[in-house]
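Chemist: quick one: sequence plus predicted model below, questions after.
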Amino acid sequence: MSLDKSPTRARAPRRLLPGIGVFAGLLLVAVGVFAANDWFPKTDPMSGKRVGWFGRNADAPVRNSSTQTSATPQLSKEYIYAGSRLLAVEDANATAAPPADIAVWRPSNGLWCIMDSNGSSHTFASWGGHATDKAMPGDYDGDGKTDLVVYRSDGGYWWIYYTSTGTVDSIQWGGTSGDIPIAADFDGDGKADLGIARKDNANGEMDWFVYLSNGGTLTFSWGSNLGDKVAAADFDGDGRADPAVYRTSTDAYHWYRSSDSGYGTAVVGDGEEIVPSDYDGDGKADAAVFNDSTGYWYIFQSSTNSLVSVQWGTSGDEPVHNDYDGDGKTDLAVYTPAADPAPGVWKIKRSSNGTTRTEYWGAPSDIPVPAFYRR
């Protein structure tokens, strides 16, 4: 082969030309079909709406064709407690209810006076006012609103005014001289039950009688009749109130756990008022007392199993602890009774930021009854 001979270009095989022609013809047909059916992406010059391939809405969100997740389910009411005290209610739109309301009950005429957010008075009703009546507010129908209730020791009747419906009810439960009324949710159904603690002098015990919201009853003994002070709160966080006593001779709390039938004990300090509630926000009631001579609060925190003492109040003040700032923790609060012409004074130590809230609400002889009335 001669080196000076230039190479020649290879020719395309003739048999490929018909295939290329067929492909081009099919492509033209496909373009025509897409154009005729308006399947190409475009933007409408009038509306600005974008349309993608095959006429799909280009502005619509992309969906996973393999798995479709349902929308977030709407919640029904969820009740949040600090011990036996209702702290907050989450509604169907997950909107937290307002914090506790400042309120007083007037024994002379039975008026319940609740402070509105603007400082004005809102009177629900005149309910009670008998000489032997004791205010026992609580949520007795499970609607998340506090109902107006008095216990009349003369006859042992509980008189209930349901704030949602305006209907009334009366139940006889108690009536023996010396009976101590206790309102708490012992069965965990979101409704306050009627409780009576009665000294058993024959056996030296404290007998408890509970009328449940479903019509059932509970009877048991817990505590001594020699100086024990009684209360009920959810110390184990299972949603049910546990019976408790504060033994003044030892400054110790003793409570029965509904969750496992065990019992708990905590030494707190010297106090005249028994005030268990959830002060640390862990969902369990803390054993606590208030000394109305010195203004000291002694709280055994369930979250740390440690005792803390705080001075909040002075001699003669009454404890009115509740969650006034809506942070899920019970705030230290005291009520200085009114002395005409000066009104009653509420001093609240906010657990959320440590600041003080002061309100003037109450007339002489009024009984403070803070709770969740405005829902």
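Modeler: Right, received. Where do you want to start?
Chemist: can you tell me how far Ala202 sits from Asn225?
Modeler: 10 Å (Cβ to Cβ, to the nearest Å). Any C-beta I mention is one placed from the backbone N, CA and C, and that applies to glycine too.
Chemist: bridging residues for Ile348?
Modeler: For Ile348, the beta-bridge partners are Ala333, Arg357 (DSSP bridges).
Chemist: and it, what does it touch?
Modeler: Contact partners of Ile348, counting by Cβ atoms under 8 Å, 6 or more residues apart in numbering, are 324, 331-333, 356-359.
Chemist: farthest pair within those?
Modeler: Pairwise distances across the contacts of Ile348 (Cβ to Cβ) peak at 14.7 Å, for the pair Leu332 and Glu359.
Chemist: ok, those two, which is more surrounded?
Modeler: Each of Leu332 and Glu359 has its neighbours counted (other Cβ atoms under 10 Å); Leu332 has more, 25 against 17.
Chemist: can you pull out the strands in the stretch 151-300 of the chain?
Modeler: Here the stretch 151-300 of the chain has its strands, by DSSP state E, counting those that start in this stretch, at 157-161, 168-172, 180-184, 193-200, 205-211, 217-224, 228-233, 242-247, 252-256, 263-267, 273-274, 287-291, 296-301.
Chemist: average pLDDT for the second one?
Modeler: The reference is to strand 168-172. Averaged across strand 168-172, the pLDDT comes to 97.
Chemist: just the third one next, same as before
Modeler: Rounded to a whole number, the mean pLDDT of strand 180-184 is 98.
Chemist: circling back: which of Ala202 and Asn225 has more residues huddled nearby?
Modeler: More crowded of Ala202 and Asn225, by other Cβ under 10 Å: Asn225, with 18 against 7.
Chemist: so where do the helices sit in the chain?
Modeler: 17-36 (DSSP state H).
Chemist: which residues of it score low on pLDDT?
Modeler: Applying pLDDT under 70 to the chain flags the ranges 1-98, 118, 375.
Chemist: let's see 90
Modeler: By pLDDT under 90, the low-scoring segments of the chain are 1-98, 116-125, 201, 340, 374-375.
Chemist: filter the contacts of Ile348 to the buried ones?
Modeler: Neighbour counting with 16 or more other Cβ atoms under 10 Å marks 324, 331-333, 359 as buried within the contacts of Ile348.
Chemist: now those residues in TSV, with distance to Tyr151?
Modeler: Formatted as TSV, the buried ones among the contacts of Ile348 follow (distance: Cβ to Cβ, whole Å):
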residue	distance to Tyr151
Tyr324	25
Asp331	26
Leu332	27
Ala333	23
Glu359	27
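Chemist: closest to Met115 out of those?
Modeler: Distances from Met115 to the buried ones among the contacts of Ile348, taken by Cβ to Cβ, are shortest for Glu359, at 6.8 Å.
Chemist: now do the contacts for the closest one.
Modeler: Taking Cβ under 8 Å, 6+ apart as the test, what Glu359 contacts is 102, 115, 119, 345-346, 348.
Chemist: out of these, name the ones that lie in strands.
Modeler: 115, 345-346, 348 (DSSP state E).
Chemist: nearest to Gly264, of those residues?
Modeler: For the ones in strands among the contacts of Glu359, the nearest to Gly264 is Ile348 (28.5 Å; Cβ to Cβ).
Chemist: and that closest one, how far from Val308?
Modeler: Distance from Ile348 to Val308, by Cβ to Cβ: 18 Å.
Chemist: and what of Glu359?
Modeler: Glu359 is 25 Å from Val308, by Cβ to Cβ.
Chemist: same check, this time on Gly269
Modeler: 10 Å.
Chemist: list residues touching both of these two?
Modeler: Tyr298.
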